[in-house]
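**Q** What follows is a predicted protein model with its sequence.
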Amino acid sequence: MNRLSWFNAVSLTLGFAFLYIPMIILIVYSFNESKLVTVWAGFSTKWYGELIRNEAFLNAAWVTLKVAVFSSTLATILGTMAAYVLVRGGRFLGRTLFSGMIYAPLVMPEVITGLALLLLFIGIGLDRGVLTIVLAHTTFSMCYVSVVVSSRLVTFDRSLEEAALDLGCSPAESFRLVTLPIIAPAVISGWLLAFTLSLDDLVIASFTSGPSATTLPIKIFSAVRLGVSPEINALSTIMIAIVTMGVITASLVTKRAMVRQKQEEQAAVRA
Amino acid sequence: MNTSVFAPWDDPGEKPLIQFRNVTKRFGEFTAIDNLSLDIFEKEFFALLGPSGCGKTTMMRMLAGFETPTEGQIMLAGQDIDPIPPNKRAVNMMFQSYALFPHLSVWENIAFGLRRDSMPKHDLEERVEAMLRLTRLEQFARRKPHQISGGQRQRVALARSLAKAPKLLLLDEPLGALDKKLRQDTQFELMDIQEKTGTTFVIVTHDQEEAMTVASRVAVMDQGQLMQVATPDRIYETPNSVYVADFIGDVNIIRGRARQNGGDGYHIDWAEGQEALTAASDNGFDTGQSCHLAIRPEKVAITAERPSDAANAVQGKVHDIAYLGNLSTYYVELPNGIIIKAQTANTRRISRRSYTWEDPVWLSWTATAGVLLAN
Amino acid sequence: MRRAFLIAVPYLWLLALFLVPFVIVLKISLSDAAIARPPYMPQFDWAEGIWAFLRELDFENFIFLTEDDLYWKAYLSSVRIAVVSTLLTLIVGYPIAYAMGRAPEEWRPTLMMLVILPFWTSFLIRVYAWMGILSNEGVLNQFLLWTGIISAPLTILNTPTAVYIGIVYTYLPFMILPIYAALDRLDGSLIEAAEDLGCSRVQAFWLVTIPLSRPGIIAGCFLVMIPVIGEFVIPSLLGGSGTLMIGKVLWEEFFSNRDWPVASAVAVVLLLILVIPIVLFQRNQQKQAEAEQ
């Protein structure tokens, strides 16, 4: 059980090779001198330089970032509220419909969500731009947030809240002082999830954006439709690097917190 | 000697069913089993008793085939079982967690092992029914493991491991998950089933009462070694070490130095200004050798006056009383600070208790009441 | 009062931005295309009332979907691609999940992170990475030519094969994670019990490990299959014109043909197709949640 059998070792090696080699190739070719992405012509960082000088990409990146920050923050607030209502709300009229609306967007094809939201925005005469993308992203990512947060709330020991009430907190104070600090990690990962979903989204943004607001995925998509380009490789490399650093930092932080908690528990046992 | 007494371990002509021959098992740096030899005979109900980490579970897993000895051999019916994989051994195991397959019904769980032997359908059904009857589970046959109680699960696990009629059944803490009352009932049921099927049982437990109740012989283990292997009464009455005496039941240990008294016993000098104690012993001691006198609390009498005929008598005052209902244990403090426990049966109502806190009392015991131990 | 506010805010948000849009899609799918802005008739007018609106409804967009074989072919092909690629993902993913479950305890968080990491990187980029690998002068063909396995480049990009590779690659974490979760919960003594009762390693795998990881397998399959049916990015980047998938048809109907009523009808039918697997998936999740209690 402690050592891997050769079969398991081979599965892991091949599996992770499959997951990572395409990205490694992508990164390697971003440093290619040649315009032809498939012919290696020596090391160069010139595509990164081109990227920085490309106004259109920079603008799109700025729009994307704005949308992601606003929508993920809104989605976290709404999603946490929704999760609290689902887990703690008890019975209320239309509860089934409510939980259905929370879970449905998770499996809904993006083309349908995008189309539906676009038709709504046109119907009410809302001009398409940053605002409409934010509304659209908030709607589908709040569902992801509420799933993440409610899975934490389900395992949450309710007597902690009751203890707070017993000790004189108002319900709002007990939420702010007891519940929120304990579910904070889930709320933070919910925000991160919403943020990445918003950064990644192509389809819904394509439907809901107007000429005034183009996001990075839309820009990338229209560029790669024409074929592979080293500039996109460079852009991808930067994005992969940011995500990798983020994920590694996050996992190190949680790991350190866990190790410290374990050490403290052991110290407490010894004392 | 009465021939109906079951004691194959005393018969030199009897062939053991299981033999551990100088078995050592190491996990990396850690030695779980240290050069251990042991014989277990057919139809025995053998208990491996010890604290967690003493190696008892490792012994069992080596018998089942989930671990292989680093050194030495394990023989089953005269055959080295090292090369035989677990699924080919005539040994079955009842797991501590029961390991019932959650996706199969009680009936299917019991039939699982029989199906592996491709037993004919008719015989298989009969065998499963017989096992259900044996463990009184007939009306639960169609249920899934999560739909029955803990005690019933325990019986399913037993029925499943007995279904293949193994030469040897291993039970890993079989009653650990049950509450106390149910555990006691189940102990007798286990003994009953063991007798009916005539299977050799090896049970691993950390509960000494359980081991004493069910087993024909008990092996007390510590740090990968056997401390003592004997029948429950011998383990209790004549432990061979302070460790065993202390592990099994309650005991007073008095340290001192032995001095031959001319007869078959020793005087023990144990405290300044106190009379020497007297103890009979089969173990030999040199004069001046340090020794430990182990006396069970129920063998220590407590009286108000000094008894005239006692071989050993010491005075002290009652420090504490533990009232257990049927018994009371008196913690008596001697002038030198040593506390000795004396246990009496509460045959009278508590309001008429003879002694209370701070009362001066005499403790006394006979020369044969205790055991004199070297270590 | 506070509770009512707490319920009302997310509830109204979802009603306004999730449910109402679907009602609009349904409505427009029952309208006529018109050269106007927005390009459909009739537009709902509260003044005229609901009856006037209902009188003008017709189902000709849905009838149109059945008449033009492009649509039902696209639906069929989407479902077929989804089923086949789900099976492929399962075949690739199960051994990885199994090996993760068997790996030493201290490796597991790292292995988990390695599976999740691609999930955080842009979907678009991961699909794009394969364009450079699978094209005629791509890395894979260069490698195969260099080793001498083939003498002329293979055409993989813009074929269904490329779509399958893309789907398996991007959806693999969705398959691995639920299966790994199920295997991780699996009590090791159950495997030992099976071996103790006479199973070989392989038998124990089929009789105990597979049945007990079934909820994970089912969850993984649905998590891959449901979104793949409506997939747009992968067929449009890797599939070329030869691969017909309904998500792409909807996109083109909307952006290229600007036929909003037909696009809406396509969406409604797609939704109806998805209802079955979504309901089955919810039931599986519910059963699993109950079993854990």
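**A** Looks like it arrived, so ask away.
**Q** what comes up buried for stretch C:122-131?
**A** C:122, C:123, C:124, C:125, C:126, C:127, C:128, C:129, C:130, C:131 (16 or more other CB atoms under 10 Å in any protein chain shown). Placement of C-beta: from N, CA and C, glycine included.
**Q** now stretch C:2-13
**A** C:6, C:7, C:10, C:11, C:13.
**Q** Repeat that for stretch A:209-229.
**A** Buried residues in stretch A:209-229 (16+ other CB under 10 Å): A:209, A:213-221, A:223-224, A:228-229.
**Q** For that stretch, give me every contacting residue.
**A** A:37-38, A:56-57, A:59-61, A:63-64, A:67, A:127-130, A:132-133, A:199-202, A:205-206, A:231-232, A:235, C:122, C:124-125, C:128, C:131-132, C:135, C:233, C:236-237 (CB atoms under 8 Å, 6 or more residues apart in numbering or on different chains).
**Q** Distance from the chain centre to that stretch, please.
**A** 20 Å (CA atoms, centre = their mean, to the nearest Å).
**Q** Also stretch B:127-140?
**A** 29 Å.
**Q** likewise stretch B:300-316?
**A** So, by CA atoms, centre = their mean, the centroid of stretch B:300-316 is 32 Å from its chain's centroid.
**Q** looking only at pLDDT, what's the mean for it?
**A** Averaged across stretch B:300-316, pLDDT comes to 87.
**Q** for stretch A:140-159, same thing?
**A** Rounded mean pLDDT across stretch A:140-159 is 88.
**Q** Quick check: residue A:7 is in a helix.
**A** Yes - counting by DSSP: H, G, I helix; E, B strand; the rest coil, residue A:7 is located in a helix.
**Q** Kindly tell me how buried it is, as a neighbour count.
**A** 12 (other CB atoms under 10 Å in any protein chain shown).
**Q** Ok, residue B:366 next?
**A** 16.
**Q** give me phi/psi at the closest residue in space to it that isn't next to it in sequence?
**A** Nearest residue to residue B:366, sequence neighbours excluded (CB to CB, 6 or more residues apart in numbering or on different chains): residue B:311, at 5.3 Å. The phi and psi values for residue B:311, taken as degrees, to the nearest 10, are phi -70, psi -30.
**Q** just the one 3 residues further on next, same as before
**A** Dihedral angles phi and psi of residue B:314 (degrees, to the nearest 10) take the values phi -130, psi 150.
**Q** these two touch, right, it and residue B:365?
**A** No - using CB atoms under 8 Å as the test, residue B:314 is too far from residue B:365 to be in contact (9.4 Å).
**Q** returning to that earlier point: restrict the buried residues of stretch C:2-13 to those near chain A?
**A** C:6, C:7, C:10, C:11, C:13 (CB under 8 Å from any CB of the partner chain).
**Q** if you look at those, which of them are in helices?
**A** Counting by DSSP state H, those place C:6, C:7, C:10, C:11, C:13 in helices.
**Q** Distance to residue C:242 and pLDDT for the residues you listed - can I get that in TSV?
**A** Shown next, in TSV, are those (distance: CB to CB, whole Å; pLDDT from 0 to 100):
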residue	distance to residue C:242	pLDDT
C:6	51	84
C:7	50	87
C:10	44	91
C:11	45	91
C:13	41	92
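**Q** so which of those comes closest to chain A?
**A** residue C:10 (3.9 Å; CB to the nearest CB).
**Q** list the contacts for the closest one?
**A** Per CB under 8 Å, 6+ apart, neighbours of residue C:10: A:78, A:79, A:81, A:82, A:85, A:98, A:142, A:146.
**Q** Could you provide those in TSV, with additional columns for secondary structure, distance to residue C:258 and neighbour count?
**A** Formatted as TSV, these follow (DSSP: H, G, I helix; E, B strand; the rest coil; distance: CB to CB, whole Å; neighbours: other CB atoms under 10 Å in any protein chain shown):
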residue	secondary structure	distance to residue C:258	neighbour count
A:78	helix	33	22
A:79	helix	35	29
A:81	helix	38	23
A:82	helix	36	30
A:85	helix	40	24
A:98	helix	35	19
A:142	helix	31	31
A:146	helix	35	30
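**Q** filter these by proximity to chain C?
**A** Near chain C, by the rule CB under 8 Å from any CB, you find A:78, A:79, A:81, A:82, A:85, A:98, A:142, A:146 out of the contacts of residue C:10.
**Q** so can I have a markdown table of these showing distance to chain B?
**A** Shown next, in a markdown table, are the ones next to chain C among the contacts of residue C:10 (distance: CB to the nearest CB, whole Å):
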| residue | distance to chain B |
| --- | --- |
| A:78 | 38 |
| A:79 | 33 |
| A:81 | 35 |
| A:82 | 32 |
| A:85 | 31 |
| A:98 | 31 |
| A:142 | 36 |
| A:146 | 30 |
